[in-house]
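> Provided below for reference: sequence and predicted model.
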Amino acid sequence: MGFFRDWRRRRVLKGGRIDDALWSKVASSLSFLRGLSAEDTKRLRNLVLLFLSEKEMHGARGLVLADEVRLSIAVQACLPILNLGLGVYDGWVGVVVYPGEFRVRKEEIDENGVVHAVDEGLAGEAWPGGPVILSWEDVGLAERGYNVVIHEFAHKIHMDGGGDADYPAARSGMDPVKWRETLEASYERFCAEVDSGRPTFIDPYAAEHPAEFFAVMSEAFFTESAVLARDWPGLYAQLALFYRQDPAERS
Ligand SMILES: [Zn+2]
């Protein structure tokens, strides 16, 4: 970390503060924060303060972002990097928040090589080196196991520091072969469950692509951790090493 940034961050932490009442209001709306220790909560608050000072958050389509909205998004973005540090989110600055689903026009090439223009409504999107885009309506739909903020920021975490289009690289101290094999085997198992037509506890969208599987499982890891630890113990253990957290322990 550069000297200037180090100095700037110390100033932000010394001079800035988050209103206690606002913090309590936002934290009480996010049930998965409940088991955090006082020490972890303090570190999360500091991380959120730095996140809010270093990232730019803009409302789109006339949406005015209330402090509560900014804080809620920042808290959910920072929980996954609580033990990884803000450096994971280096290289981009913007978070754009739409009032509801936003439409994206894309071109997709089918198996016959034909290019189709696709117009789809999205709840969130994360661009490599670019912004995170969120629909506030969908952020508000967060429930256990479903969290669009954690989903999009998990894509950002994936894009940081190595890995390929399918999965992020293992962190130092992890067994990279075990990490990769666990992800691949879990993805296969999940796709087979979806194909069998039985209802799955995890959002079937995770079967779309390995990268989506990682993002959706990250949502479950933080917001429905005990169930994930029970049903997918091997994957849970690897995600705990990757995120350097054990949320099931505190839930
Ligand atoms: Zn995704």
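That came through fine. Numbers count the residues shown, from 1 in each chain.
> Around the ion, which positions in this structure sit nearby?
Contact residues, the chain versus the ion (Cβ under 5 Å from the ion): 212, 215. Where you see a C-beta, it was placed from the backbone N, CA and C, and this is true even at glycine.
> gap between the residue sitting nearest the centre point of the chain and E188?
Taking Cα atoms, centre = their mean, the centroid of the chain lies closest to I150, which sits 2.5 Å from it. With the distance defined as Cβ to Cβ, to the nearest Å, I150 ends up 24 Å from E188.
> same check, this time on G16
From G16 to E188 the distance is 46 Å (Cβ to Cβ).
> what's the answer for V26, then?
Taken as Cβ to Cβ, the span from V26 to E188 is 38 Å.
> same deal with P131?
With the distance defined as Cβ to Cβ, P131 ends up 33 Å from E188.
> the more surrounded of the two?
P131 (19 against 12; other Cβ atoms under 10 Å).
> Residue ranges in the stretch 1-150 of the chain under the pLDDT threshold?
Applying pLDDT under 70 to the stretch 1-150 of the chain picks out residues 1.
> quick one, helices of it?
Taking DSSP state H, counting those that start in this stretch as the test, the helices found in the stretch 1-150 of the chain are 3-15, 20-28, 38-54, 67-78, 136-140, 148-159.
> Pull the residues that contact the first one.
Outside helix 3-15, the residues within contact range by Cβ atoms under 8 Å, 6 or more residues apart in numbering are 46, 49-50, 53.
> Show me which of those is closest to the ion.
The ion lies nearest to L50 out of the contacts of helix 3-15, by Cβ to the ion, at 25.3 Å.
> quick one: contacts for that closest one?
Residues near L50 by Cβ under 8 Å, 6+ apart: 9, 12-13, 86.
> where do the strands sit along the stretch 101-250 of the chain?
Listed in chain order, the strands of the stretch 101-250 of the chain (DSSP state E, counting those that start in this stretch) span residues 102-109, 115-122, 124-126, 132-135.
> residues of the second one that come out buried?
Neighbour-count burial for strand 115-122 flags L122 (criterion: 16 or more other Cβ atoms under 10 Å).
> what pairs with it, and is each one parallel or antiparallel?
strand 102-109 (antiparallel) (DSSP bridges).
> Pull the CA coordinates from the strand it pairs with and hand them back as CSV.
Taking C-alpha atoms only, strand 102-109 is exported to CSV below (Å, rounded to 0.1, in the frame of the first residue of the first chain):
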residue,chain,number,x,y,z
PHE,A,102,-32.2,-2.4,-15.5
ARG,A,103,-32.2,-3.5,-19.1
VAL,A,104,-29.0,-4.5,-20.9
ARG,A,105,-28.6,-5.2,-24.6
LYS,A,106,-26.0,-7.8,-25.3
GLU,A,107,-24.9,-9.9,-28.2
GLU,A,108,-24.7,-13.6,-27.7
ILE,A,109,-23.4,-16.2,-30.2
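> can you list the residues that contact it?
60-61, 115-122, 125, 133, 135.
> can you tell me which of those residues lies nearest to S31?
S135 (20.8 Å; Cβ to Cβ).
> Show me what the closest one is bridged to.
Bridge pairing for S135 - DSSP bridges - gives Y98.
> ok, now how distant is it from D231?
28 Å.
> With neighbour numbers in mind, choose between these two.
Neighbours around S135 and D231, counted as other Cβ under 10 Å, are more numerous at S135. The numbers are 22 against 14.
> Do I have it right that the more buried one meets P99?
Yes - here S135 reaches P99: they are 7.4 Å apart, a contact under Cβ atoms under 8 Å.
> ok, for the residue nearest to the centre of the chain, nearest residue in space, not its chain neighbours?
E219 (4.9 Å; Cβ to Cβ, 6 or more residues apart in numbering).
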